[in-house]
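In: 3D, please:
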Amino acid sequence: MRKLTYLMSLLLTLGAIAQPQDSTFTNRKNSAQTLIDSKDGKLLMAAYGEVHYNQRVGENTKYNGQLDVHRQVLLFGYKFDKKTSFITEIEIEHIKEVYLEQAFLNHQAKPWLNIQAGLLLIPMGIANEYHEPTTFNGVERPTIDNVLVPTTWREIGAGFAGNLTNVGLRYQLYLVNGPLGYDGSAKLSGKKPIRGARQKGSQVTMSGLDFSGKLTYYGIKGLDLGLAAYMGKTESSLYNGVNRDSINLMAMADSSSIGVQMLGVDYRYQNKNFETRGELIIANLSNTNQYNEFTGKDMGNSAVGYYIEAGYNIAALLKIKKKLVPFVRYSNYNTHHNVNQGDFANLSYQSNILTSGLTYYLNTNFVAKVDFQQSIDGNNVKTSVVNAGVGFWFR
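Out: Have a look, this model is predicted:
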């Protein structure tokens, strides 16, 4: 209740300054928000998808390549009236895996205040909310958004979202269930700390509420600057039915859960043909010593990662009509940035990655991509991969 009171107080304060939007602002929208704002009628539909080719090369070794219909995503929305909408996103991965990626109700209580409830995307980083293939360079999503932010990360919850358009500020404030750290087996790992713990809205285990929030400033034309936070604990099946007076059982349950405090800073900027973006993720993980002793895992105390990317549309230089963007991205991460006393950091859990490639827009909704990615981990093991793919988005 204290968290909810803080959220409401903040919204009332922010709402007092909400005014009509300045036309010089750039307000980017993901697929869900595009459907919410659509004027096309009551029943809304959209889709995006990607087909990828990945080929490891080098090291005087022959490797097979892999072709994959990586994902096909169908979005549906329904407007009950001018204020209330339902949005859902159904994803088919690798032809055979079906997931529900979003499913939530949106009610516009005020022009600056939306109440949302259901299966929600966690607003952390860029790609977790903006992952349509036409919105990013590179065949695969940035590595940071796989290892540290377990994209696509979604949990069940409720909260508030909206725009303070006179100052170019977008906010998202949610209370959600936490990732599942233990259900008879350990779900967390030192290599990708919470990726395997996403509950994805499926028969969710919950013993407490976590907080997820983000503020995005878009008051300078072409710029989005985001600050995100996630605070809470992972869930555990061992809390179910345990007697609070049982010291041993409560201690065991406590050992099966860790605290997660994650901070994210990101930016996107475009000025004519030049574009750049970047992201920094810092995760502090508590109670990992007890968790490791109980489960035999190798969780660290903190994980850090970042990337910075720049690209330039050279269509005018080549005198072609289609947008063509060469880009380069440097990424660095370490999921064993700090470890418990007496433990040794696993050097394979840190990596430097250089990705360079081309993004070719046949039109604004269809894109062809190719890139070359080189990575080197803390053990000086080098990996080189060539990627190619096509992607689309329409509504």
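
In: Break down the chain into its helices, ranges please.
Out: With helices called from DSSP state H, the chain shows them at 2-15, 31-36, 144-147, 247-255, 288-295, 315-318.

In: so what's residue 128 closest to, chain neighbours aside?
Out: residue 151 (4.7 Å; CB to CB, 6 or more residues apart in numbering). Using the backbone N, CA and C atoms, a C-beta is placed for each residue, glycine as well.

In: ok now do that neighbour, which residues does it touch?
Out: Contact partners of residue 151, counting by CB atoms under 8 Å, 6 or more residues apart in numbering, are 125, 127, 128, 131, 141, 145.

In: lowest-confidence stretch among the helices of the chain?
Out: For the helices of the chain, the weakest mean pLDDT is recorded on helix 2-15, namely a mean of 47.

In: Go ahead and flag the most central residue of the protein.
Out: Nearest residue to the geometric centre of the chain (CA atoms, centre = their mean): residue 128, 2.2 Å.

In: pLDDT wise, what is that residue at?
Out: 98.

In: Assess the claim that residue 156 and residue 116 are in contact.
Out: No. Between residue 156 and residue 116 there is no contact under CB atoms under 8 Å: 11.5 Å.

In: any residues touching stretch 61-76, and which ones?
Out: By CB under 8 Å, 6+ apart, the list of residues contacting stretch 61-76 reads 31-32, 35, 43-57, 87-95, 101, 389, 395.

In: buried subset of these?
Out: 31-32, 35, 44, 46-52, 54, 56, 87-93, 101, 389 (16 or more other CB atoms under 10 Å).

In: that older thread, just the contacts of stretch 61-76: which are in strands?
Out: Per DSSP state E, strands hold the following members of the contacts of stretch 61-76: 43-57, 87-93, 101, 389.

In: Distance check, residue 123 against residue 161.
Out: 8 Å (CB to CB, to the nearest Å).

In: rewinding a little: for residue 156 and residue 116, work out which one has more neighbours and name it.
Out: residue 116 (22 against 19; other CB atoms under 10 Å).

In: Let me know the pLDDT of the more buried one.
Out: 98.

In: hang on, isn't it packed against residue 103?
Out: No. Using CB under 8 Å, residue 116 is not in contact with residue 103; the gap is 11.0 Å.

In: Grab the nearest non-local neighbour of residue 310.
Out: residue 276 is the one closest to residue 310 (CB to CB, 6+ apart), at 4.5 Å.

In: Likewise for residue 239?
Out: Residue 239 sits nearest to residue 207 (CB to CB, 6+ apart), 4.4 Å away.

In: neighbours around the one you found, how many?
Out: 17.

In: Could you do residue 243 as well?
Out: If we define neighbours as other CB under 10 Å, then residue 243 has 8 of them.

In: May I have the beta-bridge partners of residue 389?
Out: residue 52, residue 369 (DSSP bridges).

In: Was I right to think it contacts residue 53?
Out: Yes. Residue 389 is within contact range of residue 53, at 6.4 Å (criterion: CB under 8 Å).

In: shared neighbours, those two?
Out: Joint contacts of residue 389 and residue 53 (CB under 8 Å, 6+ apart) are residue 139.

In: Please say which of residue 123 and residue 161 ends up with more neighbours.
Out: Shown here are residue 123 and residue 161; by other CB under 10 Å, residue 123 has more neighbours (25 against 20).

In: Tell me how far the more buried one lies from residue 230.
Out: In terms of CB to CB, residue 123 sits 9 Å off from residue 230.

In: Distance of the closest residue to residue 242 other than its chain neighbours relative to residue 238?
Out: For residue 242, ignoring the flanking residues on the chain, the nearest one in space by CB to CB, 6+ apart is residue 249 at 4.8 Å. Note on residue 249: its distance to residue 238, by CB to CB, is 8 Å.

In: Same drill for the two, tell me which one is more crowded.
Out: Remark: of residue 249 and residue 238, residue 238 carries more neighbours, 21 against 15, as counted by other CB under 10 Å.

In: Do I have it right that that one meets residue 256?
Out: Yes. Counting by CB under 8 Å, residue 238 touches residue 256, with 5.0 Å between them.

In: shared neighbours of the two, which are they?
Out: residue 182.

In: and residue 269, how many neighbours does it have?
Out: By other CB under 10 Å, 17 other residues sit near residue 269.

In: Which pLDDT value belongs to it?
Out: 98.

In: Surely it touches residue 221?
Out: No. Look at residue 269 against residue 221 with CB under 8 Å: they stay out of range, at 9.8 Å.

In: Now residue 230: closest residue in space that isn't a chain neighbour?
Out: residue 262 (4.1 Å).

In: Relative to residue 123, how far out is the one you found?
Out: Separation of residue 262 from residue 123 (CB to CB): 11 Å.
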